[in-house]
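Visitor: coords please:
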Amino acid sequence: MSIITTATALLADIAVETDRTDAVQSFVKQETILVEITSADGLHATGYAYTIGTGGSSVLALLQDHLLPLLVGQDARNVEGLWQRLFTTTRSTTTGAITSLALAAVDTALWDLRCKRAGEPLWRLAGGHRREVPVYDTEGGWLHLSPDDLVKSALRAQEAGWAGVKIKVGKPDVAEDAERLRAVREAVGPSLHIMTDANQSQTVSSALRLASALEPYAPYWLEEPLPADDLGGHAQLARATRIPIAVGESMYSVMQFRTYLENRAASVVQVDAARIGGITPWLKVAHLAESHNVMVCPHFLMELHVSLAAAVPNGHFVEYIPQLRAVTRTELAVRDGMAVAPDEPGIGIDWDMDAIDNRRVS
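Guide: Residues are numbered from 1 along each chain as shown. Now for the predicted structure:
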């Protein structure tokens, strides 16, 4: 029987593995919200979502007070139906981060259960396009790092055969951003992709200046130059620069992505499975982007996103930021510059529940 018999949630704090800074904030910790589901036939599944330091208890409260009680007694196979039912229940709080994160924790658990019941890995059941996806490194590109540190990290990634590196931008002086990018480009040559990320720190005018200063060093994309709700500004910038504009990590509905794509305000989609509300809407965004001939390069969550990026034909890159190694028994496999999707049934994350319990805060 696929009827859900129990549905519980917990919150655990996972310390960051290294200092992570960008133009607007620091990654304080990962508040990890886990949902565990058991079905009448004895299958057990786990889903999750996250914050980078605040709001985790609010997500947990929404789950425990309103969403999880609705799951018990329902057929876990009806993933789309359950997602819509929970979304409708939270109508007064959508669209927004707290609701999307709560839905994502449930939805990834339901997909974990679906894959285990089918005896298939997520990358295949979600589409099965391929098993390996190119990987790029973000961990060596944080804003506080010196140009020498950036160069050393980029050379390591290049020697390992990785596709690219990300450099955070948004220094007070645009000349400093350009100098950091110049140092890396001169060290690695023309073949390594260099992604840049402003983390929503710019205005339209400053973003135009920033893009102009970075263009000589051929960045692969300029990520989140403006606040995510500045659609018009992104469209204006996309028309004015040769650098592809990447957005998506701070969007919380399929409709937001549709509007960006229809207005040609982005040419790289970075949909985040936790922030969009789970695997179910993530796949809708990916297919929507495919219909616009736009690549998907998901934000963060490499342990989950490797399978989703592998599932769809327009999944181009996985972002390397290790964050779950303290609470999992295995970690992302990278071979010859390619991230390899797990082949075991489920979403592919082997949780260490003892380690999670040691970090449990609620």
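Visitor: In this structure, mark out all the strands, start to finish.
Guide: Remark: strands assigned in the chain by DSSP state E are 4-15, 29-39, 44-51, 132-137, 164-168, 193-197, 221-223, 245-247, 268-269, 295-296, 318-320, 333-335, 338-340.
Visitor: Can you give the domain ranges for this structure?
Guide: The chain breaks down by automatic domain parsing into domains covering 4-119+353-358, 124-340.
Visitor: pLDDT weak spots in the stretch 101-250 of the chain?
Guide: Nowhere does the stretch 101-250 of the chain drop to pLDDT under 70.
Visitor: Quick check: Leu324 touching Glu331?
Guide: Yes: shown here, Leu324 and Glu331 form a contact pair, counting by CB atoms under 8 Å, at 7.4 Å. Quick note: C-beta positions are derived from backbone N, CA and C, even for glycine.
Visitor: picking that back up, looking at the domains of the chain, spot the one closest to Gly346.
Guide: In terms of CB to CB, the element of the domains of the chain nearest to Gly346 is domain 4-119+353-358, at 4.9 Å.
Visitor: residues shared between the contacts of Leu324 and Glu331?
Guide: Counting by CB atoms under 8 Å, 6 or more residues apart in numbering, the residues touching both Leu324 and Glu331 are Glu303.
Visitor: Tell me which of those two has more neighbours.
Guide: Leu324 (24 against 13; other CB atoms under 10 Å).
Visitor: roughly how far apart are that one and Ala333?
Guide: Look at Leu324 and Ala333: by CB to CB, to the nearest Å, they are 14 Å apart.
Visitor: pLDDT score for the closest residue to Ser253 other than its chain neighbours?
Guide: Spatially, and ignoring its direct neighbours in sequence, Ser253 is nearest to Thr95 (4.3 Å; CB to CB, 6 or more residues apart in numbering). Thr95 carries a pLDDT value of 81.
Visitor: Adjust the sequence numbering to begin at 86 for everything that follows.
Guide: In the new count, where the first residue is 86, that last one comes out as Thr180.
Visitor: Please give me every residue in contact with Thr180.
Guide: For Thr180, the contacting residues are Tyr337, Ser338, Met340, Gln341, by CB under 8 Å, 6+ apart.
Visitor: Leu195 too?
Guide: Per CB under 8 Å, 6+ apart, neighbours of Leu195: Ile122, Ala130, Gly132, Ala161, Val164, Leu167, Trp168.
Visitor: which of these count as buried?
Guide: Among these, those classed as buried by 16 or more other CB atoms under 10 Å are Ile122, Ala130, Gly132, Ala161, Val164, Leu167, Trp168.
Visitor: wait, which of these is closest to Tyr405?
Guide: Once CB to CB is applied, the member of the buried ones among the contacts of Leu195 that ends up nearest Tyr405 is Gly132, at 22.3 Å.
Visitor: Neighbours of the nearest residue in space to His401 that is not next to it in sequence, how many?
Guide: Leaving out its chain neighbours, the residue that sits closest to His401 by CB to CB, 6+ apart is Met380, at 4.2 Å. The burial count assigned to Met380 is 21, neighbours taken as other CB under 10 Å.
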